[in-house]
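Colleague: With the sequence up front, the predicted model follows.
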Amino acid sequence: MRLGNHETGSIKPLPRLLFDIYALALPRGHGFGQRPPIGAWQSEDGISYGVITQHVKARDIGILVMRRRIDHTWAEIANETGLASQDVAMIKIEHLLRDASSKEPMPPNTAPRPALTDFGDRETSAVFRTLATPSHLVGAWTLNQLYLAMPSPDKNWAGDCQTGNFHTRLWEAQLLASLREQGLLVTQPHPSPDFRIENRKGGAAWIEAVTANPTIPYDHVNARPSTQPEGRDALFFGPAALRFAKTLGNKLQRGYHLLPHVKGMPFAIALADFHAPASMIWSREALIGYLYGLGAEAQDIDGKRVAVSTKSTDLLGNKAFPAGLFADNRHKELSAIIFSNACSISKLYRVPISAGADTQEFRYVRIGNFFDRTPGALGGIPFCLDITSKEYQSLWPQGYEPWSAEFEVFHNPHAQHPLPEALIPEATHWAEEHGEMVCRAFYETSILWSQTRILNSEDRIPTLDDFLPNDRNAD
């Protein structure tokens, strides 16, 4: 998008960073279809913004103007097409933004959305309170924008986020951002499942969000990171796989696929992992083990140490819980599992900071492993990058870290209603073809695991030499 350079009195250009965040509140997010934006401006007080769009073929001009309601959610106040020129569009936008002397009133019979800063008599959780620390303020602002972008959040959303269900609500917010970033129409027309998604060609599906939680609660702020299980079998078929099995089993028992509005449509469960401190950076393999009954082990072949697939019908443990949720058609009602190993507070500040948000006196460094696409590769490719660096920003075509960078879809080969890969285009898709698992990634850069370190501006930037090869500390 070419940002506006027209600035007069009470309006000014809207930076790309703000536009991309605000646009997540639009029903189709960044999906402008045949009418992409060519310029954007905001009112001086920041409660309104306007966008000029242009049809890629007809070349006619349009405008979209949004204004905050009194509860701070965005309301559309103008949406026109067929304008004769950019000058005509600019006059309309200037008029609407200058007249924005107050926020929009609430629609009739609509209650204001509770503010994330309104705690009432609730005792906020320690992990929620970290958002108030200076190094996390960008993340706090971003979470609030995603909450305000939710089409129809549960009435307890704010209270849950402030207290014991923080991570569940965090996952829903990041799901919304990841889906609308891809231009999908995301709605919440029913209490459950959580989201209905649709593309412009008419493909649609339902998604229910869930988090794998600990059997015994732990302090998400100060807990010592868990360690990766020793041995490949324990990694793929051990306690993490069992926790995923129980979490997904509980969701499947609710019979979402039988609901009248879900029947006959693809249904997916979106899973994020918090079952142990920092477990998300090593538990991805356990999800593969549980879903497909597949693991991997190192073997020497033609003088090279490579990973070779292994199979199992059971998870480790005394009760021999079955592995392979997608091994047959027993759960054909489940089309896919959506997963991310980056559902974290650090994601909330990495996206905007890598796009140019002010870092104040802090430095933000991401350390981890890139996915190595070499056939049979055993490990990843280590990296250590300042998230404001050109090297980090250039990892993705938009010039900053996208919300869907770690978005993965694991398809059920026996699904009664398969989830089309084209419906979630900017994800990494895992599917079975001719008896083999294949992986198709949208982004060339995929990150196996990472952690984010926050430093003071005068601190030395760490290098890879500062970390052990298997140092997988908390994100």
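Modeller: Good, I have the coordinates. The model shown is predicted, which means the values in this text are computed figures rather than measured ones.
Colleague: What strand or helix carries Val138?
Modeller: helix 137-149 (DSSP states H and E).
Colleague: list the buried ones in that helix?
Modeller: Neighbour-count burial for helix 137-149, counted by 16 or more other Cβ atoms under 10 Å, picks out Leu137, Val138, Gly139, Ala140, Thr142, Leu143, Asn144, Gln145, Leu146, Tyr147, Leu148, Ala149. C-beta coordinates here come from the backbone N, C-alpha and C atoms, glycine included.
Colleague: How about the fourth one, nearest residue that isn't a chain neighbour?
Modeller: In space, Ala140 comes closest to Leu131 once its chain neighbours are excluded; the distance is 3.7 Å by Cβ to Cβ, 6 or more residues apart in numbering.
Colleague: Same question for the second one.
Modeller: Ranked by Cβ to Cβ, 6+ apart and with sequence neighbours excluded, the top spatial neighbour of Val138 is Tyr349, at 4.4 Å.
Colleague: Show me how the chain divides into domains.
Modeller: Structural domains of the chain, as assigned by automatic domain parsing, span the residue ranges 11-98, 126-466.
Colleague: just how off-centre is the shortest one within its chain?
Modeller: In this case it means domain 11-98. If you compare the mean C-alpha spot of domain 11-98 with that of the full chain, they lie 24 Å apart, counting by Cα atoms, centre = their mean, to the nearest Å.
Colleague: Same check on the longest one?
Modeller: Centroid separation for domain 126-466 versus its chain: 8 Å, with Cα atoms, centre = their mean.
Colleague: what is the mean pLDDT for it?
Modeller: Taken as a whole, domain 126-466 has a mean pLDDT of 93.
Colleague: Numbering from 50 from now on, please.
Modeller: All right, first residue 50 from here; so that's domain 175-515.
Colleague: wait, the residue nearest to Ala189 sits on Gly188?
Modeller: Yes - when contacts are counted by Cβ atoms under 8 Å, Leu180 is listed as touching Gly188 (6.1 Å).
Colleague: Residues that sit against both of these two, list them.
Modeller: Residues touching both Leu180 and Gly188 by Cβ atoms under 8 Å, 6 or more residues apart in numbering: Ile394.
Colleague: rewinding a little: same list (the buried residues of helix 186-198) but as JSON lines, adding distance to Lys300.
Modeller: Below are these laid out as JSON lines (distance: Cβ to Cβ, whole Å):
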{"residue": "Leu186", "distance to Lys300": "34"}
{"residue": "Val187", "distance to Lys300": "33"}
{"residue": "Gly188", "distance to Lys300": "28"}
{"residue": "Ala189", "distance to Lys300": "30"}
{"residue": "Thr191", "distance to Lys300": "27"}
{"residue": "Leu192", "distance to Lys300": "24"}
{"residue": "Asn193", "distance to Lys300": "28"}
{"residue": "Gln194", "distance to Lys300": "28"}
{"residue": "Leu195", "distance to Lys300": "23"}
{"residue": "Tyr196", "distance to Lys300": "23"}
{"residue": "Leu197", "distance to Lys300": "27"}
{"residue": "Ala198", "distance to Lys300": "25"}
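Colleague: going on from the helix holding Val187, what's the next piece of helix or strand?
Modeller: helix 206-211.
Colleague: List the neighbours of that following helix that are in contact with it.
Modeller: Contacting residues not belonging to helix 206-211 are listed as 162-165, 167-169, 171, 173-174, 177, 192, 196, 199, 203, 215, 217-219, 221 [Cβ under 8 Å, 6+ apart].
Colleague: what's the nearest residue to Phe491 if we skip its chain neighbours?
Modeller: Nearest residue to Phe491, sequence neighbours excluded (Cβ to Cβ, 6+ apart): Glu475, at 4.5 Å.
Colleague: Now do the same contact list for that neighbour.
Modeller: Glu230, Gln231, Pro451, Ser453, Phe456, Phe491, Tyr492.
Colleague: do Gly313 as well
Modeller: Under the criterion of Cβ under 8 Å, 6+ apart, the contact partners of Gly313 comprise His466.
Colleague: what about 10 Å?
Modeller: With contact taken as Cβ atoms under 10 Å, 6 or more residues apart in numbering, Gly313 is in contact with His306, Gln465, His466.
Colleague: Now the buried members of those.
Modeller: Under a neighbour-count criterion of 16+ other Cβ under 10 Å, the subset of these counted as buried comprises His306, His466.
Colleague: Could I get the contacts of Gly313 in a markdown table, plus columns for distance to Leu132?
Modeller: Supplementary listing: the contacts of Gly313 in a markdown table, determined by distance: Cβ to Cβ, whole Å:
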| residue | distance to Leu132 |
| --- | --- |
| His306 | 45 |
| Gln465 | 47 |
| His466 | 42 |
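Colleague: Quick one: the helices in the stretch 400-524 of the chain, in order.
Modeller: Remark: helices of the stretch 400-524 of the chain, listed N- to C-terminal, are 439-442; assignment by DSSP state H, counting those that start in this stretch.
Colleague: The stretch 100-249 of the chain now?
Modeller: Remark: helices of the stretch 100-249 of the chain, listed N- to C-terminal, are 135-147, 175-178, 186-198, 206-211, 215-230; assignment by DSSP H, counting those that start in this stretch.
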